[in-house]
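>>> please work out how this folds:
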Amino acid sequence: MGAMIARALVCVLLLLSISLTTLTLPSNTSSRPRATHSAKEQKSRASNSNSMALDHFIGRWLEEKKESFACLADALGLSGEQRAFFENSKSELSYQRNGDTWTIAVGIVGVPQNTTFTFKLGETYDSTNIDGSPLKSVIRQDGNRLVERHENQGQRNFVMDIVREVHNDLMNATTTIG
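Numbering: from 1, shown residues only. As a prediction, this is how the structure comes out:
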């Protein structure tokens, strides 16, 4: 157990490198939904610069690659079956915002159900880890980044920090477990 924790402490990994996917509407429709906003929408949001700084997260994101996943799986104590499933699957995230309330839907591509969490920046909310164990979570803004802290409330006691950054149409998520 001590070796696993020691290894987890030095595990800073790039968990997800995911790109924004624009959904294509049926062929009889000429427009496509986008994560960007019209000039009118941008003008109406101009009064809240904090929310505008994070608007680039809004939309649907699909995972492209994982790096150092074995380190994450070890730190989380995933079983062999769980490790194989998550290592070979692709995550999908969807962010929405209504005023100061955010909703994130987290799922696996090809699996019909996903998990949805609603939160306000800087306020603690209940969530779950990829293995289903309960977490106390808080997400805050750091400039144009989302910084998440998840504390395990189950049998394994750990803290997981995730920093999400968007550059053009790529989101990088760096996860640290300690």
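>>> these two touch, right, Asn129 and Ala75?
No - under the criterion of Cβ atoms under 8 Å, Asn129 makes no contact with Ala75, lying 11.1 Å away. All C-beta spots, glycine's among them, are computed from the backbone N, C-alpha and C.
>>> ok, those two, which is more surrounded?
Ala75 (22 against 18; other Cβ atoms under 10 Å).
>>> that one belongs to a helix, doesn't it?
Yes - assignment of Ala75 by DSSP: H, G, I helix; E, B strand; the rest coil places it within a helix.
>>> could you check how far it is from Ala84?
The gap separating Ala75 from Ala84 is 17 Å, by Cβ to Cβ, to the nearest Å.
>>> for stretch 65-85, what is the distance to the chain centroid?
16 Å (Cα atoms, centre = their mean, to the nearest Å).
>>> and that stretch, what's buried?
Of the residues in stretch 65-85, 66, 69, 71-78, 83 count as buried by neighbour count, 16 or more other Cβ atoms under 10 Å.
>>> from one end of that stretch to the other, what's the distance?
One end of stretch 65-85 sits 14 Å from the other (Cα to Cα, to the nearest Å).
>>> do stretch 52-62 as well
Start to finish, the residues bounding stretch 52-62 are 22 Å apart (Cα to Cα).
>>> tell me which residues of that stretch are tucked away?
Buried, per 16+ other Cβ under 10 Å, within stretch 52-62: 54-62.
>>> out of those residues, who's nearest Asn114?
Closest approach between those and Asn114, by Cβ to Cβ: Arg60, at 11.0 Å.
>>> for the residue nearest to the spatial centre of the chain, list each beta-bridge partner.
Of all residues in the chain, the one closest to the mean position by Cα atoms, centre = their mean is Leu93, 6.1 Å from it. Per DSSP bridges, the residues bridged to Leu93 are Trp61, Val106.
>>> check contacts around it.
18, 60-61, 104-106, 171 (Cβ atoms under 8 Å, 6 or more residues apart in numbering).
>>> now the residues you listed in TSV, with distance to Val138?
Formatted as TSV, the contacts of Leu93 follow (distance: Cβ to Cβ, whole Å):
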residue	distance to Val138
Ile18	22
Arg60	24
Trp61	21
Ile104	13
Ala105	19
Val106	16
Met171	19
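>>> tell me which two of these sit farthest apart.
Greatest spatial distance among these (Cβ to Cβ): Ala105 and Met171, at 14.7 Å.
>>> quick one: which of these two has more around it?
Taking neighbours as other Cβ under 10 Å, Ala105 and Met171 compare with Met171 leading, 24 against 14.
>>> for that one, list each beta-bridge partner.
Beta-bridge partners of Met171, as defined by DSSP bridges: Ile18, Val166.
>>> again with the one 4 residues further on
Beta-bridge partners for Thr175, by DSSP bridges, are Leu13, Ile162.
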